[in-house]
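# Based on what follows, work out the 3D shape:
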Amino acid sequence: STQSTGFQLSRVDLMTLGSASMKAMRVLPNPPGRKMAQRIAVGDHNGVLTCFQMKRSETVVDFKTLPGPRIERLELGGAVGSLQEKIFISSGSEVRGFTKRGKQFLMFETNLSDTIKSMFISGPDLHITGQYIYNMYHNCQDTHFYLSCDKINDMIGIPGSGKEIFPVLGCQDRVLRVLSGSELLYEAEVPGAPETLALFDVMSGFGHNNLIYGTRDGIIGLCTVNKDNPCHRWEIANSNNLGGITAIETYDVNNDGVSELIIARDDGTVEVYSISEGQPKLITSKNVSESVTSIGAGLITSPSQPDVVLSTYPGHVISLTSEVKSHVAQNIISPSARSKLDDLKKDIEDLKRQVLAEREKYQKSAGSDSAISAVVKFHVNDKFTLNPVDANYLLSIEIQMPIENVLLQCDVPIDLLDVERNSAVVSHSACDPEDKNYLLATYRCQANTTRLDVKVRSIEGQYGTLQVYITPRIQPKTCQLRQYQIKPLSLHRRTHIIDGERPMNSLKLTGKFSLGEVHSWIGYCIPEVPDKCPSGDTITMFFQSTFLDTQLECNYRQGSVEFRSDNISTISILKDVITKLATQRKIALNITYELCEESIPHSLRLIHPKLDEQLLLAKKVQLIDALKELAMHEPNLDFLSPEYKDIIQNAEQLQAAFKLQPCHLERLYGMITDLYIDKFKFKGLNVKSKVPMLLEVLDNYELETLIDFFEISAV
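Numbering: from 1, shown residues only. Down below sits the predicted model:
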């Protein structure tokens with residue numbers, strides 16, 4: 001998609017509140033035919049609901065509630081067919097309703113055992129979800145119920161014929177579940193875990209029953225939802241490795257009569273797509289450097305030009321406006337505005353003096369024996385997600401206050417990779433692997449940095465815990481610990497279908513274990529396995545390696561589990577780990593396996609393109625210095641081959657690519673070595689003494705020579 005320069009967004013900060021949850025901000029609609037500044041309603045983690053609007057470039061608060069339990073969700077509702085301007089908020093298991101003037105008209109305790117995660121209002125019907133449960137209340141009476149087999153990330157209602165509403169649950173197992181009452185109509189598979197759902201605007205010309213989904217790994221898709229089956233219309237891949245989708249809106253922001261698609265991501269990127277020609281096309285984008293939690297659009301700062309409005313995790317409400325204001329007009333300050341500016345400057349000076357006095361008071365009291373420091377509590381917005389494009393994990397840490405430093409410690413070998421948008425300085429400390437300490441690294445952040453992104457590369461078969469200590473720039477010094485599990489098959493992710501034609505190895509384990517026990521073992525080994533054991537006697541799950549594209553099939557029931565994979569190393573890792581887990585519980589296992597000889601050359605052919613690319617890149621980088629020296633002494637380089645000319649022209653890109661892939665070659669060599677050892681381990685042979693011979697073959701790499709070595713070396 002190409003980006004147009006004719007439509008640009010400028011940032012205007014409207015207000016600062018407490019931290020905001022996902023979808024906890026909405027723009028209240030104007031009555032039909034009236035063009036005036038629209039109100040914005042925001043709920044924050046302090047439990048405060050704030051409703052405000054802009055008048056003459058100033059923020060005017062219509063009402064503000066008292067602090068209370070953290071607000072998780074904010075939705076608009078009203079009588080069917082009327083203006084949807086009543087504000088509904090959820091806190092814990094309670095739902096409250098307010099008019100646009102701030103009068104509370106509803107306080108409803110749902111008695112849900114879980115916190116309400118998502119909410120949808122349709123006239124007298126209240127649809128809510130917890131982590132696994134969906135409930136519908138008609139006039140506050142419990143009417144419908146559904147239990148999902150995996151976590152529900154978001155929920156929305158699709159209008160059907162008449163007053164019928166079809167709730168759609170976006171679930172962690174990469175499925176949209178469409179309900180009718182308490183019954184599941186069908187499941188629609190999507191390419192990632194759907195993080196947020198939105199209705200497609202009628203102005204777009206696609207009709208009422210269209211749903212846009214945004215996934216945790218940054219994919220956007222449109223599908224039509226009806227009673228029978230879904231119809232996938234289009235999909236936008238995350239080709240630039242941007243953040244996961246956090247919010248979606250459709251609105252005509254450039255006044256062309258057709259709604260645009262507005263996307264917000266957790267890395268602060270806001271994108272506007274044109275959808276008038278069917279397929280989306282990127283018009284413009286803007287990065288606000290803060291995780292976006294909610295997005296809306298409307299007449300915010302101008303009665304004629306629509307703005308995009310968003311709330312961010314640190315609590316900022318921001319308007320992105322396309323209106324071009326005259327620089328001359330901006331520099332003219334009215335006497336009343338100047339007076340207010342002077343008052344604000346005085347207030348700031350007073351606050352500075354108060355802070356200084358309190359700091360001196362604290363320093364004096366901190367030295368006494370009786371003094372007790374009050375530990376400042378702070379909330380951390382963190383994510384540890386697998387990027388399927390480059391098979392690395394992205395660790396995102398965000399807090400409301402500036403970060404001083406982040407310390408990473410890990411008990412298994414992992415690599416830390418650079419992220420372009422990072423300004424932090426990293427320093428590595430010496431570690432002793434014998435003490436199970438493979439990594440100790442500190443990221444020192446620049447002033448006012450509230451977000452840190454780190455790429456982590458793991459090795460399958462090496463499993464343990466990554467510990468992250470976050471220290472903000474506050475007094476007294478305090479620190480929070482976050483822990484992330486590196487699983488044995490850390491580079492695998494859920495998929496819905498596998499290729500049945502591939503050569504598959506199988507491993508079967510039987511013994512006196514329950515369905516819950518074997519489910520917990522699989523969850524310990526592989527990411528994206530639901531915490532709760534799905535219902536049914538026999539469960540089947542499919543997984544795919546994001547690095548090699550090999551596949552894994554798991555079939556399990558009480559007393560029996562079978563794994564099938566085209567990669568023998570995957571089978572070997574599962575055998576070792578599950579045997580260890582069963583031994584800890586004193587459960588005896590009967591192990592049978594079938595090795596498919598054809599799977600070895602198949603796996604080597606999957607590794608081949610990556611290995612070939614890395615070897616070629618390494619050779620090109622080695623030639624750069626010599627070719628540059630030649631270019632300095634030779635005025636005419638026409639005698640060079642096109643390949644060498646290409647190396648000189650693209651030297652910077654080649655060196656950058658080489659720098660971005662440290663230890664990549666070693667990682668591939670390690671996979672081939674593991675494959676070699678695992679093949680013969682299943683035959684009862686120890687071939688570790690022949691690994692140096694294998695490395696010699698790799699140094700003079702040819703695919704067919706390597707395949708031959710695997711076949712004849714143990715003879």
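# tell me the pLDDT at E643?
Looking at E643, its pLDDT is 67.
# Give me the below-cutoff pLDDT ranges for the protein.
For the chain, residues meeting the criterion pLDDT under 70 lie at 1-7, 201-208, 276-278, 323-334, 366-373, 622-663, 713-715.
# all helices of it, in order?
327-331, 335-366, 515-525, 568-584, 599-633, 642-649, 651-660, 664-681, 691-699, 703-712 (DSSP state H).
# want to throw those helices into a markdown table with distance to G315?
C-betas here are computed from N, CA, C, even on glycine. Formatted as a markdown table, these follow (distance: least, Cβ to Cβ, whole Å):
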| stretch | distance to G315 |
| --- | --- |
| helix 327-331 | 26 |
| helix 335-366 | 18 |
| helix 515-525 | 35 |
| helix 568-584 | 43 |
| helix 599-633 | 43 |
| helix 642-649 | 48 |
| helix 651-660 | 34 |
| helix 664-681 | 40 |
| helix 691-699 | 53 |
| helix 703-712 | 55 |
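# Q551 is nearest to which of the ones you listed?
helix 568-584 (8.8 Å; Cβ to Cβ).
# Could you give me the buried positions within that closest one?
Residues of helix 568-584 classed as buried by neighbour count (16 or more other Cβ atoms under 10 Å): 568-575, 577-578, 581-582.
# do the same with stretch 283-300
The neighbour-count check on stretch 283-300 (16+ other Cβ under 10 Å) flags 283-288, 290-300 as buried.
# Now do the end-to-end distance for it.
21 Å (Cα to Cα, to the nearest Å).
# chain center to it, what's the gap?
Relative to its chain's centre, stretch 283-300 lies at 17 Å (Cα atoms, centre = their mean, to the nearest Å).
# Select, out of the helices of the chain, the one closest to A193.
helix 515-525 (15.5 Å).
# How about residues contacting the closest one?
When contacts are defined by Cβ atoms under 8 Å, 6 or more residues apart in numbering, helix 515-525 is touched by residues 487-489, 529-531, 533-534, 537, 539, 541, 554, 556-558, 561, 573-574, 577-578, 581-582, 585, 587.
# Which of those are buried, as a PyMOL select command?
In PyMOL, this line selects whichever of the contacts of helix 515-525 come out buried by 16+ other Cβ under 10 Å:
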select buried, resi 487+488+489+529+530+533+539+541+554+556+561+573+574+577+578+581+582+587
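# Could you give the number of residues near R444?
13 (other Cβ atoms under 10 Å).
# Against I89, how distant is it?
Separation of R444 from I89 (Cβ to Cβ, to the nearest Å): 39 Å.
# repeat for V60
V60 is 21 Å from I89, by Cβ to Cβ.
# who's more crowded, the two?
Using other Cβ under 10 Å as the criterion, V60 and I89 rank with I89 on top: 23 against 11.
# I'd guessed the more buried one sits against R70; true?
No. Contact criterion Cβ atoms under 8 Å: I89 and R70 do not qualify, at 10.4 Å.
# all strands for the stretch 151-300 of the chain, in order.
Secondary structure of the stretch 151-300 of the chain (DSSP state E, counting those that start in this stretch): strands located at 152-159, 165-171, 175-180, 183-189, 194-199, 210-215, 220-224, 231-236, 245-251, 260-265, 269-274, 281-287, 292-298.
# Now do the buried residues in stretch 420-440.
422, 424, 431, 438-439.
# Could you dump these into CSV with distance to D342 added?
Listed next are the buried residues of stretch 420-440 as CSV, based on distance: Cβ to Cβ, whole Å:
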residue, distance to D342
N422, 39
A424, 38
C431, 56
Y438, 58
L439, 53
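# what's stretch 677-694 in contact with?
Here stretch 677-694 makes contact (Cβ under 8 Å, 6+ apart) with 568-569, 571-572, 593, 595, 600, 672-673, 676, 709-710, 713-714.
# Widest-spaced pair of those residues?
Y593 and F709 (23.3 Å).
# These two - which one has more neighbours?
A direct count of neighbours by other Cβ under 10 Å for Y593 and F709 places F709 higher, at 19 against 16.
# what about the residue nearest to that one when sequence neighbours are not counted, neighbour count?
Nearest residue to F709, sequence neighbours excluded (Cβ to Cβ, 6 or more residues apart in numbering): V697, at 5.0 Å. Number of residues near V697 (other Cβ under 10 Å) recorded here: 17.
# now do the one 3 residues further on
The criterion is other Cβ under 10 Å. On that basis, N700 has 8 neighbouring residues.
# From F709, how far out is it?
For N700 relative to F709 (Cβ to Cβ), the value is 11 Å.
# Next: F120.
With distances taken as Cβ to Cβ, F120 is found 60 Å from F709.
# now L489
Taking Cβ to Cβ, one finds L489 at 26 Å from F709.
# Repeat that for N555.
Per Cβ to Cβ, N555 is found 34 Å from F709.
# How far does stretch 184-195 sit from its chain's centre?
Distance, centroid of stretch 184-195 to centroid of chain: 17 Å (Cα atoms, centre = their mean).
# Against E398, how distant is the residue nearest to F709?
Taking Cβ to Cβ, one finds V697 at 47 Å from E398.
# And for L320?
20 Å.
# just S274 next, same as before
Distance, S274 to E398, by Cβ to Cβ: 31 Å.
# the more surrounded of those two?
E398 (24 against 20).
# The more buried one contacts S291, correct?
Yes. Using Cβ under 8 Å, E398 is in contact with S291, at 5.4 Å.
# Common neighbours of these two, please.
The contact lists of E398 and S291 share 313, 381, 451, where a contact means Cβ under 8 Å, 6+ apart.
# Name all residues that make contact with the second one.
This means N381. So N381 contacts 19, 291, 313, 396-399 (Cβ under 8 Å, 6+ apart).
# ok, how many other residues are close to D62?
Neighbour count for D62, taken as other Cβ under 10 Å: 15.
# now D390
By other Cβ under 10 Å, the residues close to D390 number 15.
# who's in contact with the residue nearest to it when sequence neighbours are not counted?
Computed as Cβ to Cβ, 6+ apart, the closest residue to D390 that is not its neighbour in sequence is N241, at 7.1 Å. With contact taken as Cβ under 8 Å, 6+ apart, N241 is in contact with 218, 387, 389-390.
# So P159 sits against V168, correct?
No. Between P159 and V168 there is no contact under Cβ under 8 Å: 11.4 Å.
# Which of the two has more residues huddled nearby?
A count of neighbours by other Cβ under 10 Å puts V168 above the other of P159 and V168, at 25 against 14.
# Next one: that one from P230, what distance?
9 Å.
# Overlap in contacts, the two.
Going by Cβ under 8 Å, 6+ apart, residues that sit against V168 and also against P230 are 176, 178.
# Cool, thanks, talk later.
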